[in-house]
Each structure stands twice: as structure tokens, then as C-alpha cells.
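**Student:** predicted coordinates and the sequence they were generated for:
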Amino acid sequence: DPKIAGRGYPALAPPAQGADFARGEKVYAQNCALCHGADGAGQRTQNGYAVFPALWGSDSFNWGAGMGRISNAAAFVKANMPLGLPDTLTDQQAWDVALYMNSHERPQDPRYTGSVQGTRSDFHDTDDSMYGRAVAGKVLGASGAPKPFKPLKESRP
């Protein structure tokens, strides 16, 4: 396991103020929406390949992915985003935008137990996950069973 420059990213200490959805929404609009879209759907080539990945919605990572943990998303954002300008957001902004990003619906956790609350209890029972929590009157993760894998077209961009 050699330590390769640029591999991974350092953990980010929790912010003193705690992560905030409203502040994260502003950070997203100012720093992320240009590439990832105001709706978080990302951008694709005409052949369907992701140029900028979806951050929520049906084409984003699922609830079981590592980026579904607010702490992982905050650390990644701080170290790598905005594109070409890594480490320009404050730690607070990285945590805020990570919370905002992870407070939207996405594909189901592949470990889904048949119940959102059961899946939360088994795999997401932490303050680091929004899975199974209510946001704007909707319980995140309530979109049903995992979707089957569907590969994109074989043609290259």
C-alpha cells in the first residue's frame, strides 16, 4: 500500500458551528451548481458518459456509498472542489455543502432490508448519515428497493 501523492484525502474535523442545510445550499449555488447542475443531476456527454457526476437523484451514488457519509463528502469536497480550485472552501463550507448534498434523495442502499428504518438502524444509525431522516417532509431513502444495475451505452465519447 504505497503512499501515492494525491491519493485519498485527509479527514476533516467537525465544524464548531455544526453543518447547516441553508448555508450549504448557498455554497452549492455559488460553487457547485455550474458543473453539477442546480438540480444536482450533473452533466453527461451526448453518449451518456458523466462529465460531472450527479450528486443526488436517480443517477447519483446510492445511499450505501462512502460519499453518503457527510464526513467523507466534506473531506472530499474540501480537498478537491471546486474543480481546479481545491482547498479554497473553508472547512465550514465543506461541511455545510456536504450536508446539503446528502439531504436529497438518491438510489436505495443495496443493503436495503425492506424497511427504511430497519436499514437505517442496521447501517446508517449515526449523525453522519441523512438516510432515514425527514427533510422537507420526505423521509430520505423511502424510494423503495435498490434498482438493478444498468450499464450505459458502450460507445466512448
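**Tutor:** Right, received. Where do you want to start? Residues are numbered from 1 along each chain as shown.
**Student:** in the protein, where is pLDDT below threshold?
**Tutor:** For the chain, the stretches flagged by pLDDT under 70 are 1, 5-6, 149-157.
**Student:** now do the helices in it.
**Tutor:** Counting by DSSP state H, one finds helices in the chain at the ranges 21-31, 33-36, 70-80, 91-101, 116-119.
**Student:** which stretches in the chain count as strands?
**Tutor:** Using DSSP state E, the strands assigned to the chain run over residues 43-44, 50-52, 134-135, 138-139.
**Student:** ok, now how distant is N47 from G37?
**Tutor:** From N47 across to G37, the span is 18 Å (C-beta to C-beta, to the nearest Å). Using the backbone N, CA and C atoms, a C-beta is placed for each residue, glycine as well.
**Student:** the two: which is more packed in?
**Tutor:** G37 (16 against 11; other C-beta atoms under 10 Å).
**Student:** reformat the strands of the chain as a markdown table; add mean neighbour count and distance to Q17.
**Tutor:** Conversion of these to a markdown table gives the following (neighbours: other C-beta atoms under 10 Å; distance: least, C-beta to C-beta, whole Å):
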| stretch | mean neighbour count | distance to Q17 |
| --- | --- | --- |
| strand 43-44 | 14 | 32 |
| strand 50-52 | 12 | 29 |
| strand 134-135 | 12 | 19 |
| strand 138-139 | 14 | 26 |
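**Student:** mind giving me TSV with those and columns for distance to R111?
**Tutor:** Converted to TSV, the strands of the chain look like this (distance: least, C-beta to C-beta, whole Å):
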stretch	distance to R111
strand 43-44	27
strand 50-52	24
strand 134-135	21
strand 138-139	17
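**Student:** nearest to S121, of those?
**Tutor:** S121 lies closest to strand 138-139 among the strands of the chain, at 13.7 Å (C-beta to C-beta).
**Student:** so what touches that closest one?
**Tutor:** Here strand 138-139 makes contact (C-beta atoms under 8 Å, 6 or more residues apart in numbering) with E105, V116, G132, R133.
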